[in-house]
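In: here is my input, please return the structure:
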Amino acid sequence: MIERFYLRDFLSFKEAELEFTKGLVVFTGPSGSGKSILMNSILASLGLVEAQAGLSEATINFPINLDDAGIEEDELTVFKQIKKEKVRHFVNNQTISKKMLLSLSKSFVRHLSLRDYSDFKNENLLEMIDQICLENDAAHLQNLLAYKERFLRLKEIKKELLGIEEEERKVHELREFAQFEISKIDLISPIAGEDEELMQIKKELSKKEKIEELILNAEEIFSYENSVSSALELLDTDASFFEDAMNELRAQFEASRERLVELGECNIEEILTRIEQIAELKHRYGSIEEAIAYKEQKLQELEHYESLEMQKELLQKEIRALHEEVLLGSEKLSEQRQKGVQKIVVSFNEFLKQLYLRSAKISLVKDELSLFGQDRVEIELDGTALDKVSAGEFNRLRLALLAVKSLQVNEGGILMLDEIDANLSGEESMSVARVLSHLAKNYQIFVISHQPQLTSQADQHFLVHREEHSEVKMLHKEERVYEIARMISGDKITQEAVQFARGLMAEKCV
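Out: This is a model prediction of the structure:
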C-alpha cells in the first residue's frame with residue numbers, strides 16, 4: 001500500500017502531504033477543487049501517467065522485486081519524481097528509467113481507466129477459470145503445462161516447415177547456382193600449394209638456358225681434378241676434402257641436368273595458362289584453400305537440398321501427430337474449464353446482483369488453437385455484448401469480475417479507479433461501495449467519489465478544497481458527516497442531509 005504521499009508545485013497545488021491507511025480511500029470536494037489533479041499526481045509518481053509536478057513522492061509498503069532494476073531493497077520503497085528542465089525518476093534515491101519504473105509499478109498497481117478491457121482479455125479470463133479448475137483438480141495444471149509444451153513445439157516445427165517450403169520454392173535456382181560454383185572450381189581442380197609450385201617452375205624456366213650454359217662451362221673443372229689430387233698428394237695433404245667436394249659438385253650438376261630435362265618437357269604455355277587460372281581463382285576466393293573450402297560448402301548445400309524432401313515428410317508426419325495431441329489436450333482443458341465456468345458464473349452473478357445489474361452469461365466458444373487452448377470466453381450482460389453496454393454498466397461489470405478474482409487469489413496491491421460512481425443512482429453507488437469494501441480486504445483502493453453513498457463507506461476520507469491554492473485535509477467522523485451532507489444538499493447544508501449522512505455512515509459495510 002501507499003503509506004505516505006508528498007506533492008509540491010503541481011498546477012493548483014503548492015504543497016500537500018498525506019498519510020494513507022489500508023482499505024478504501026476516498027477523495028471528495030467541490031468541482032474544480034483539484035481532486036483529479038491529486039489523483040493524477042499519485043499516478044505520475046508511479047510512472048503510470050506523464051509527470052508534471054515539481055516533486056512527487058510515494059512511500060510504498062508492499063513487496064516489490066527490485067533486483068531486475070539493480071536497486072537495493074529497503075523496508076519501504078520510495079518512488080520519487082522531480083521535474084526541472086526535464087523529468088527524472090528515482091526509486092530509493094537511485095535514478096531509474098521511465099520504462100523500468102512502469103514495469104515495477106505494474107507489479108502492484110492497477111489503474112482502471114474508463115473502458116479498459118484488459119480484465120476481459122481472453123487469456124486473463126482463461127487464467128481465472130484455470131485457477132478455479134486447479135482448486136477442484138490438481139491434475140489440471142499438469143494438463144495445462146503439457147498442452148502448452150506441445151503447442152509451442154507444434155508452432156516451432158510449423159515454422160520450420162514453412163522455412164523448408166520457402167526454401168523449396170527457391171531450391172531449383174539454388175541447386176543450379178551451387179552446381180555452377182562447384183563446376184567452376186572443378187574445371188580448374190586446384191591443389192593446395194599448387195600456386196607456389198607453379199611460380200617456382202616459371203622462375204626456373206626463365207633461367208633454364210642460362211643454367212645449361214653455365215653448367216656446361218663449369219664442367220671443365222673436372223678435367224683438372226687429377227692434377228689437383230696429384231698436387232695435394234705431393235704436398236702431403238689429405239685430399240679427401242677435395243674428393244668429397246668434387247663428388248658433391250658432380251651430384252649437384254647431375255640433379256640439375258635431370259631437373260632441366262624435366263623442365264624441357266614442360267609446356268610453357270600450359271604453365272602460364274595454369275598460373276593465370278589459379279590467379280583468377282585466388283582473386284575470387286582469396287586462396288586455393290578457401291576455394292576448396294567453398295566447394296565443400298556448396299557440396300554440403302547440394303546434399304542439404306537433396307534431403308529437403310525427406311525433412312519435409314518427417315516434419316509433416318510430426319505435425320500431424322502433434323496436432324492430434326494438441327487437439328486432445330485442448331479438449332481436455334475445455335472439459336475442465338466448463339466446470340470452472342459454472343462456478344464463476346454463480347459468484348459473478350451474485351456480485352452483479354449486488355451491483356443492481358442484470359445476470360450475465362459466460363460461455364466458452366471454440367476458437368482457433370492458441371497457447372491457451374481452443375477456448376474463447378464470451379461474456380454477455382442479459383444478451384448484450386460487452387462493447388454495447390453503457391460506461392456505468394461496464395465499470396460495475398469490471399468490479400464484479402475483480403471481486404470474483406479476489407475470491408480466488410489474495411494477491412493484494414493498489415487499485416486506482418477513475419469516475420467509478422459517476423452518473424449512478426444512490427442505490428447503484430451504494431452497491432459499488434459494497435463491492436469496493438469487499439475488494440478493500442485485499443487492496444488499497446483510491447477513488448474520487450461523486451456520491452454520498454460510496455463516500456460513506458470509506459475507510460479514509462480526504463476533502464480537497466481550494467482557496468488560493470488547492471489543499472487536502474483528512475476528515476474525521478463529524479467532519480465526514482458534514483462533507484457527506486454537503487454532497488447531498490449542496491453548500492446550504494440541511495438538518496435532513498446531516499441525518500441522512502449519519503444514517504449512511506451507520507450502514508458501513510463489514
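
In: wait, isn't residue 81 in contact with residue 87?
Out: Yes. With contact defined as CB atoms under 8 Å, residue 81 reaches residue 87; the gap is 6.4 Å. (Glycine included, C-beta is placed from N, CA and C.)

In: higher neighbour count, these two?
Out: Neighbour totals were compared for residue 81 and residue 87, and residue 81 leads with 24 against 14 (other CB atoms under 10 Å).

In: how close does that one sit to residue 49?
Out: From residue 81 over to residue 49 the distance is 11 Å, taken as CB to CB, to the nearest Å.

In: wasn't residue 462 part of a strand?
Out: Yes. Counting by DSSP: H, G, I helix; E, B strand; the rest coil, residue 462 is located in a strand.

In: bridged to it, which residues?
Out: Residue 462 has the following beta-bridge partners by DSSP bridges: residue 27, residue 474.

In: that one: neighbour count?
Out: Residue 462 - counted by other CB under 10 Å - has 22 other residues nearby.

In: any idea how far it lies from residue 41?
Out: Using CB to CB, residue 462 is found at 13 Å from residue 41.

In: how much space between residue 88 and residue 47?
Out: Using CB to CB, residue 88 is found at 12 Å from residue 47.

In: swap that for residue 254, sorry
Out: Residue 254 is 93 Å from residue 47, by CB to CB.

In: what of residue 371?
Out: Distance from residue 371 to residue 47, by CB to CB: 29 Å.

In: so for the two, which residue has more residues nearby?
Out: Using other CB under 10 Å, the more surrounded residue of residue 371 and residue 47 is residue 47, with 24 against 10.

In: what about that one, is that helix, strand or coil?
Out: Judged by three-state DSSP, the three-state class of residue 47 is coil.

In: helix, strand or coil for the nearest residue to it once chain neighbours are set aside?
Out: With sequence-adjacent residues excluded and distances taken as CB to CB, 6 or more residues apart in numbering, residue 47 is closest to residue 101, at 3.8 Å. Following three-state DSSP, residue 101 is assigned to helix.

In: isn't residue 101 up against residue 89?
Out: Yes. Counting by CB under 8 Å, residue 101 sits close enough to residue 89 to count as a contact (4.9 Å).

In: between the two, what contacts are shared?
Out: Any residue near both residue 101 and residue 89 by CB atoms under 8 Å, 6 or more residues apart in numbering counts here, and that gives 47, 79.

In: what's the mean pLDDT across the helix ranked longest in the chain?
Out: Ranked by residue count and defined by DSSP state H, the top helix of the chain is helix 288-354. For helix 288-354, the mean pLDDT works out to 90.

In: what of stretch 494-510?
Out: For stretch 494-510, the mean pLDDT works out to 85.

In: compute the distance between the residue nearest the centre of the chain and residue 90, please.
Out: Geometric centre of the chain, nearest residue: residue 103, 12.5 Å, by CA atoms, centre = their mean. For residue 103, the distance to residue 90 (CB to CB) stands at 15 Å.

In: what touches both of residue 88 and residue 47?
Out: residue 81.

In: how about low-confidence regions in the chain?
Out: 114-115, 409-411, 509-510 (pLDDT under 70).

In: helices of that one, residue ranges please.
Out: Going by DSSP H, the chain shows helices at 35-45, 98-105, 122-136, 139-188, 194-218, 225-234, 240-265, 268-285, 288-354, 391-408, 426-439, 452-456, 477-489, 495-506.

In: output the contacting helices and strands for the fourth one.
Out: The one in question is helix 139-188. helix 122-136, helix 268-285, helix 288-354 (3 or more CB pairs under 8 Å, 6 or more residues apart in numbering; DSSP states H and E).
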